[in-house]
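1. from the sequence below, what's the structure:
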Amino acid sequence: MSDTNRQIDSAMSPENRPGRKPPFIHVAPSPHISDSRAGTQRMMIDVILGLSPAILVSLYLFRFYALKQLIVCVVACLAAEYLFVRMRGKSFTLKDCSAIVTGVILGLSMPGSAPWFVGALASVVGIGIGKIIFGGVGMNIFNPAMVGRAFVMIAFAQLMGAGAYENLTGLVDAVSGATPLSALKFNGVHTGIAPLFMGVTNGSIGEVSAGACILGGLYLIYRKTVSWQIPASILITVALIAAITDIAGGYQGLFLLHHLFAGALMFGAFFIATDPVTSPLTAKGKMMFGAGTGCLIMVIRLFSGYPEGVMFAVLIMNAITPLINRWTIPQPLGQREV
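-> Next comes the predicted model:
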């Protein structure tokens, strides 16, 4: 084809006709193919579905106490997000369901007997200081639910401490008294593995059934909503440290199993530490994050005055996540190491 014909064809092409704008070419790094279903709303709905076994168990065991905490925290989170977003003059983000997930996780992490204002205040602090102050969804450094819970844990230590788990009246004897980790740490009493797995123990309303947390966590992994590296590395690290302590103390496996299935380990490993915003991006970084979280959990459990360490461990590792991302930047294809 001659140059003249090429010029004529170019002039007659649709994008070069009079009144037609040239096409806009968007140049960006890979990946260039995206899944429209993998949005924030879809991920949040998956998390709610994954939490449903723990919700059902908590409602069965704690009844009105669980329902109260869940309703208070979810409503307070939605109201706080609406208020703070309006104050910043931004568009509403309630439809992405992230505030609902924060409220459900926060409600499940509360003791059933905690007064309603404790959950409400935790929700306001979690959404306002843990999320909106950083810019909203996808911008926060710390897990919002754990920010809110840490605040009320410090501000209302008596209402959130051991006494909160002993004031549940009207329930079966199995869910009254001290939590399994408190009984082990302060009294040397081991709780049976079957009650820990089924949830017939006392504790925060969403953490008592290891089986429900595992079932919901496996669903999230199957849906690829969360990465398997974080829960796997957390559980392996906790198991290794607990096994060494078990062998050294001659507990015949009871210490290991107790630390795996008691407390908030399963709940935290599958639903809190796996938050995609506050955890590392690469597979190597996720394994480092999980191992560090597992180590901190056992250090707090074994050597501090707290029987549980999941909340503080996750928050500490959230702060280190940007550094882990810097350490584990993948090398571009074809580029030589300097």
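2. how near is the residue nearest to L108 when sequence neighbours are not counted to F84?
-> Using C-beta to C-beta, 6 or more residues apart in numbering and skipping the chain neighbours, the partner closest in space to L108 is G206 (2.5 Å). Placement of C-beta: from N, CA and C, glycine included. Separation of G206 from F84 (C-beta to C-beta, to the nearest Å) stands at 25 Å.
3. got any ranges where the stretch 101-250 of the chain has weak pLDDT?
-> Residue ranges of the stretch 101-250 of the chain with pLDDT under 70: 162-178.
4. what is the burial count for the residue nearest to L108?
-> 30 (other C-beta atoms under 10 Å).
5. repeat that for I141.
-> 15.
6. these two touch, right, it and T278?
-> Yes. The pair I141 / T278 is scored as a contact, 6.5 Å apart, by C-beta atoms under 8 Å.
7. joint contacts of the two?
-> 318, 321 (C-beta atoms under 8 Å, 6 or more residues apart in numbering).
8. grab the nearest non-local neighbour of the residue minimising distance to the centre of the chain.
-> With distances taken as C-alpha atoms, centre = their mean, the residue of the chain nearest its centroid is I272 (1.8 Å). Leaving aside its sequence neighbours, I272 sits nearest to V314 (C-beta to C-beta, 6+ apart; 5.4 Å).
9. which strand or helix spans that neighbour?
-> helix 310-327 (DSSP states H and E).
10. neighbouring contacts of that helix?
-> Contacts for helix 310-327 (C-beta under 8 Å, 6+ apart): 109, 141-143, 146-147, 149-150, 153, 263-265, 267-268, 272-273, 278-282, 285, 288-289, 292-294, 296-297, 300, 306.
11. now intersect those with the helices, please.
-> Applying DSSP state H to the contacts of helix 310-327, the entries found in helices are 146-147, 149-150, 153, 265, 267, 285, 288-289, 292-294, 296-297, 300.
12. domains in this protein, by residue range?
-> 38-172, 226-321 (automatic domain parsing).
13. any chance of those in a markdown table, with distance to P195 too?
-> Converted to a markdown table, those look like this (distance: least, C-beta to C-beta, whole Å):
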| stretch | distance to P195 |
| --- | --- |
| domain 38-172 | 11 |
| domain 226-321 | 9 |
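14. looking at these, which is nearest to L184?
-> domain 226-321 (5.9 Å; C-beta to C-beta).
15. now do the same end-to-end measure for that closest one.
-> 16 Å (C-alpha to C-alpha, to the nearest Å).
16. from now on call the first residue 644
-> With the count now opening at 644, the last piece we talked about shows up as domain 869-964.
17. just give me the neighbour total for G893.
-> The burial count for G893: 7, using other C-beta under 10 Å.
18. element containing P919?
-> Applying DSSP H and E, one finds P919 in no helix or strand.
19. so how far is S741 from it?
-> Relative to S741, and taking C-beta to C-beta, P919 is found at 11 Å.
20. buried set for the host helix or strand of F840?
-> Using DSSP H and E, F840 sits in helix 836-841. Across helix 836-841, burial judged by 16 or more other C-beta atoms under 10 Å covers 836, 838-841.
21. touching, the residue nearest to the centre of the chain and R792? I think so.
-> No. Using C-beta under 8 Å as the test, I915 is too far from R792 to be in contact (9.7 Å).
22. once you drop chain neighbours, what's closest to G682?
-> G682 sits nearest to D739 (C-beta to C-beta, 6+ apart), 7.9 Å away.
23. show me the contacts for G791.
-> 745, 749, 764-770, 773.
24. remind me, longest helix of the protein?
-> helix 707-731.
25. S752: neighbour count?
-> S752 has 29 nearby residues by other C-beta under 10 Å.
26. didn't it look like it was pressed against V851?
-> No. Between S752 and V851 there is no contact under C-beta under 8 Å: 11.5 Å.
27. before we move on, the earlier item: now the contacts of helix 953-970: which count as buried?
-> 752, 785-786, 789-790, 792-793, 796, 906-908, 910-911, 915-916, 921-923, 925, 928, 931-932, 935-937, 939-940, 943.
28. circling back: for G928, see how far away the residue nearest to I915 is.
-> Distance from V957 to G928, by C-beta to C-beta: 15 Å.
29. the residue nearest to I915: how many residues sit nearby?
-> V957, neighbours per other C-beta under 10 Å, totals 28.
30. check A709 too.
-> If we define neighbours as other C-beta under 10 Å, then A709 has 23 of them.
31. can you tell me which residues contact it?
-> So A709 contacts 698, 701-702, 750, 755, 848 (C-beta under 8 Å, 6+ apart).
32. buried ones among those residues?
-> 698, 701, 750, 755, 848.
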